[in-house]
Structures are given as structure tokens and as C-alpha cells.
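**Student:** Mind looking at a prediction? Sequence and model below.
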Amino acid sequence: MKKLFSFALLVWLSFSMSACKREFLEVTPAGKLIATKTSDYDLLLNSLTLGNQFMTYTQAMGDEMAAIEPYYAGTTIQQQRSFQWADIIYEQNDDAPEITYPTKALYIYNIVIDEVLSSTGGSEVQKNTIQAEALGGRAWTYFQLINFFGKPYVAATAATDPGFPIIDKANVTLKSFSRASVKEVYDFIIKDLQAAIPHLSASPLHRFRMSRPTAEALLGKVYLSMGLYSEALPYLNAAMTDIINSSYPVRLYDYNVTFGSGGSFLPNSVIGPTLPNLYNYEESLYSRQTTGDWTSTSNALLLSPATMSLYGSSDLRRNFMKNTPYPSGTAFPLGMARRAGPFSPIIGMLVPDVYLMRAEVKARLNDLPGAKNDVESLRIKRMPASDAPVPAAIISDRISLVKFILDERIREFSALGYRWLDMRRLSVDSEFQSTVKSTHTLYTTGGTVSSTFTLRPERLTFKIPPKVLAENPGMQDNP
């Protein structure tokens with residue numbers, strides 16, 4: 001491992017924490033927050049700092065996207081660079097949200113993990129549960145970080161591929177950090193989740209807080225990203241069982257009902273369907289959100305012609321797409337559409353993601369009937385029952401069924417940033433790397449090609465922002 005940065009940024013962030021009660025700051029060193037009661041640590045996990053993880057550029061990096069002039073010209077230089085898969089996204093003095101928001105969260109999680117077991121006024125069960133929630137939250141945060149700054153997981157090279165520093169202490173005086181390998185970061189994530197799961201509630205207490213089905217689903221997702229499908233399946237099975245048995249409302253919405261006469265997602269306006277707020281959205285297992293730079297009122301990025309061709313005419317997910325600009329105008333060319341909702345994409349953990357991850361894992365492990373059942377369980381909630389079955393020509397072929405499920409993931413999560421994670425893991429998958437497209441197209445309003453941009457394998461990993469490099473001269477950048 002090579003010595004990295006002093007993380008001056010992390011120190012600065014720690015001074016800005018405002019989630020604690022005022023008395024936490026009494027007779028304590030400036031920049032250090034101290035809780036004493038178990039209830040204080042519980043409250044720390046309600047901080048909006050944890051829920052608002054404004055990391056938006058992966059939405060533009062998905063291969064399901066296209067862009068259109070003149071709207072594209074009106075976006076920020078960082079937004080344009082992200083769509084172009086450029087080497088450098090940030091200017092010298094830009095703060096990168098892919099670092100600032102996660103490290104704010106890590107500071108809080110580490111305080112709770114380190115100190116809650118010695119707090120006062122709570123039972124051992126309460127203390128262990130609160131610590132487990134923080135461990136799960138830290139694992140989720142590191143899964144985001146490693147998918148920005150580490151190469152896609154390849155077993156043969158993960159032990160030497162540079163990842164991200166493991167920050168496991170809330171100590172603002174630390175001056176030296178080492179960049180852990182990709183393998184070390186994944187091992188750290190897995191260890192946190194395995195330690196957390198036994199102490200978490202089987203039913204979510206609130207979708208803002210970590211629960212056992214969330215941690216199980218996340219661990220399944222981690223193993224899926226590593227290509228360890230047999231290891232992923234038991235955790236996805238356990239997550240599904242906990243979701244089905246949950247006393248807290250976590251479920252798939254039936255779009256046949258929510259978009260039907262008098263449905264709860266109506267009216268469907270120019271800015272998209274009428275959706276519940278983040279904390280009442282019943283498909284959310286774990287409510288973490290980012291800003292919708294490209295949804296609702298944005299016309300700059302569109303679902304490409306190839307993406308729109310994936311949707312059948314009766315697919316009710318089309319209700320989230322608008323084929324005309326906001327607030328009005330001539331229809332976009334080539335059948336393209338803008339994503340009109342949700343305004344703030346949920347990037348935590350979603351119930352449909354669990355269905356589709358398990359379907360993919362089952363298909364990869366040659367449980368084709370089980371995979372078919374899982375993907376159809378989702379599809380029947382997204383379109384009329386007559387159109388939900390997987391085509392007969394696909395269900396008996398493992399490769400075709402996996403590809404169908406990967407397309408279903410695009411249909412379900414298009415323009416929300418999920419495709420970026422899939423592109424990374426599929427890019428190093430010898431069976432399915434051909435499913436990753438490497439061209440972004442910028443169109444004119446007439447539908448002709450204005451420019452194209454090519455994805456190089458190196459840009460499946462973010463370079464380190466120049467500001468962080470300048471503040472930490474010993475830091476190793478990504479190529």
C-alpha cells in the first residue's frame with residue numbers, strides 16, 4: 001500500500017457536523033462531538049447528513065443515456081464531462097460530492113460504532129442494535145466509495161488494485177492515511193455487514209434506518225459485484241423472506257393500481273407522477289437520496305433510442321418518461337424521452353432491486369425457473385398480467401435469461417444512476433461484457449448526430465479530484 005493523504009477535507013467536514021444536541025459541545029475540544037447517553041447515539045443516526053448523499057454524476061454515465069442540443073449546452077461543465085466520460089470532471093478548486101458527502105457520513109458512523117457500547121441509559125440490546133445500524137451504514141457508504149474510486153472487482157488483481165482509505169475512527173487529528181486495496185475495502189464492507197446482521201431488526205423500524213433485510217440485501221449486492229453468486233444467494237433469499245414477513249410496509253407497488261383510475265400516483269403531470277415522499281415510499285428499504293440533475297425538469301439527458309426500444313407499449317414504467325421537453329415543446333426525435341421522476345432518485349436500497357438481483361443470481365446459478373419467477377413477480381406489478389411473462393424462447397436458456405434480466409434492470413432503473421454499478425461489474429464479466437455499451441451520442445433537435453463520446457475502461461473508475469490531489473501531494477491518482 002502507498003501512503004496517501006492527510007484528509008484535510010475530512011477534518012474540515014468534522015467541524016461542520018450539526019446533528020448533535022448543543023450539550024454535546026460543552027467542555028469538549030472544538031471540532032469533536034461527544035455523546036454520552038444511548039439515546040444520543042440513536043439520535044445521531046437520524047441526521048439528515050446521512051440521508052442526503054448528493055452524488056449525481058453516475059446518472060449521466062449510464063450507457064442507457066443520450067443527450068440533446070440545445071439543452072445540453074446549458075448544463076454545467078462537470079455535467080458535460082460526466083456524460084463525455086472525461087478523464088477530469090472537476091476543476092482545481094471544486095469539491096467533489098463523491099468524497100464530501102460520504103466522509104461526512106463516515107464521521108458520524110464512526111462516532112457511534114466506537115462509543116455507543118460504553119454509553120449510559122440503554123440496554124445491551126439497544127446498544128448493539130444502534131452499533132449494528134452504524135456498521136451497516138458505514139458498509140453502504142464504503143460500497144459507494146469503492147464504486148467511484150476503485151477498479152471493478154477482479155479476484156486476480158483486487159489485492160493490488162488501489163481502492164480507498166479505510167477510515168474507521170472518528171479522529172479529526174489523524175494526519176496520515178493509506179489507500180487500502182480494492183480487496184481490503186470489500187473485506188471491510190463484508191466484515192461490517194456480517195457483524196451487523198445478527199443485531200438488526202427483522203422489520204425496518206423506519207426506512208431511514210438500517211434494518212436486517214437492508215443489510216442482507218446489501219451484502220448480496222456486494223457479493224454480486226464481486227462475481228460471487230453462490231455467496232450472494234443466501235443473503236438475497238434472507239432479505240426477501242424478511243421483506244415478505246415485514247410488519248413495516250416495504251413492498252412492490254402495483255402500477256396497474258397506482259396508475260389506474262383514481263390511483264395514488266396520479267395526476268401524472270409534466271414533471272412526472274405524484275409519488276410519496278422519501279420516507280413514505282414503500283419500495284424503499286433504505287432511504288438515501290441524491291439530487292435529480294437529469295429528472296423532472298431537465299431536458300439535457302434523454303433515454304436513448306435503444307433504451308426506449310426496451311419498453312413494451314403496455315409497460316407502465318413509461319409513465320415516468322415524457323417524450324416532450326419541460327415545460328412544453330415539440331416531441332424529442334427518434335422516440336427518445338426524458339425521465340420525469342422521481343425528482344430525487346433513491347440510491348439506498350430498493351425492493352425491486354432485491355427481486356432483480358436474486359433473479360440474476362438464480363439465472364447465473366442455472367435455477368432458471370426460480371429466476372423466471374422472480375423477474376415475473378416484478379413485471380406483473382409493472383404492466384398488465386398478460387404481458388408480464390418472460391418470452392418462452394428465453395426461459396430455457398441461461399445466457400438469454402440473464403441478458404433479459406439485465407435489460408429489466410435498465411427498464412426499472414433507467415436514468416437513476418443504477419446502471420453505472422452494473423456497467424462496472426459487467427465490464428469484467430467475460431460472459432456478459434458485451435452488454436455494456438461504450439458510446440454516448442449527442443443529438444440535434446432534428447435527430448442527427450452532433451457528437452459521440454467513447455468510454456474507455458479506465459473511466460469506469462473516477463480519477464481523484466484535483467483539489468484533493470493538491471492538498472495531499474503523496475496521493476496516488478487513478479490512471
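**Tutor:** Cool, got the structure. Residues are numbered from 1 along each chain as shown.
**Student:** Only C-alpha atoms from now on, for both contacts and neighbour counts.
**Tutor:** OK.
**Student:** In contact with residue 216, which residues?
**Tutor:** Residue 216 sits next to 193, 197, 235-236, 238-239 when contact means CA atoms under 8 Å, 6 or more residues apart in numbering.
**Student:** again, only this time at 10 Å
**Tutor:** 136, 193-194, 196-197, 222, 232, 234-240, 242, 354 (CA atoms under 10 Å, 6 or more residues apart in numbering).
**Student:** And residue 446, by the same measure?
**Tutor:** Residue 446 sits in contact with 68-69, 332-334, where contact means CA under 10 Å, 6+ apart.
**Student:** Now render the residues you listed as a markdown table, adding secondary structure, pLDDT and distance to residue 472.
**Tutor:** Shown next, in a markdown table, are the contacts of residue 446 (DSSP: H, G, I helix; E, B strand; the rest coil; pLDDT from 0 to 100; distance: CA to CA, whole Å):
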| residue | secondary structure | pLDDT | distance to residue 472 |
| --- | --- | --- | --- |
| 68 | strand | 97 | 38 |
| 69 | coil | 97 | 39 |
| 332 | coil | 98 | 46 |
| 333 | helix | 98 | 47 |
| 334 | helix | 98 | 47 |
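**Student:** rewinding a little: by neighbour count, which of the contacts of residue 216 wins?
**Tutor:** In terms of neighbours by other CA atoms under 10 Å, those top out with residue 136 at 32 neighbours.
**Student:** Now that one. Nearest residue, chain neighbours left out?
**Tutor:** residue 193 (5.5 Å; CA to CA, 6 or more residues apart in numbering).
**Student:** which among the contacts of residue 216 gets closest to residue 91?
**Tutor:** residue 222 (31.7 Å; CA to CA).
**Student:** Surely the closest one touches residue 191?
**Tutor:** No - applying CA atoms under 10 Å, one finds residue 222 not in contact with residue 191, separated by 11.5 Å.
**Student:** shared neighbours, those two?
**Tutor:** With CA under 10 Å, 6+ apart, residue 222 and residue 191 have common neighbours residue 139.
**Student:** picking that back up, can you name the two of the contacts of residue 446 that are farthest apart?
**Tutor:** Farthest pair in these (CA to CA) is 69 and 334. Separation: 13.9 Å.
**Student:** shared neighbours, the two?
**Tutor:** In contact with both residue 69 and residue 334: 443, 445-447, using CA under 10 Å, 6+ apart.
**Student:** Just the buried ones from those residues?
**Tutor:** 443, 445 (16 or more other CA atoms under 10 Å).
**Student:** Make CSV from the shared contacts of residue 69 and residue 334 and add distance to residue 386 and pLDDT to it.
**Tutor:** Shown next, in CSV, are these (distance: CA to CA, whole Å; pLDDT from 0 to 100):
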residue, distance to residue 386, pLDDT
443, 36, 98
445, 36, 95
446, 36, 96
447, 34, 98
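**Student:** which two from the shared contacts of residue 69 and residue 334 end up farthest apart in space?
**Tutor:** Taking CA to CA, no two of the shared contacts of residue 69 and residue 334 sit farther apart than 443 and 446, at 7.7 Å.
**Student:** which neighbours do these two share?
**Tutor:** Common neighbours of residue 443 and residue 446, counting by CA under 10 Å, 6+ apart, are 68-69, 333-334.
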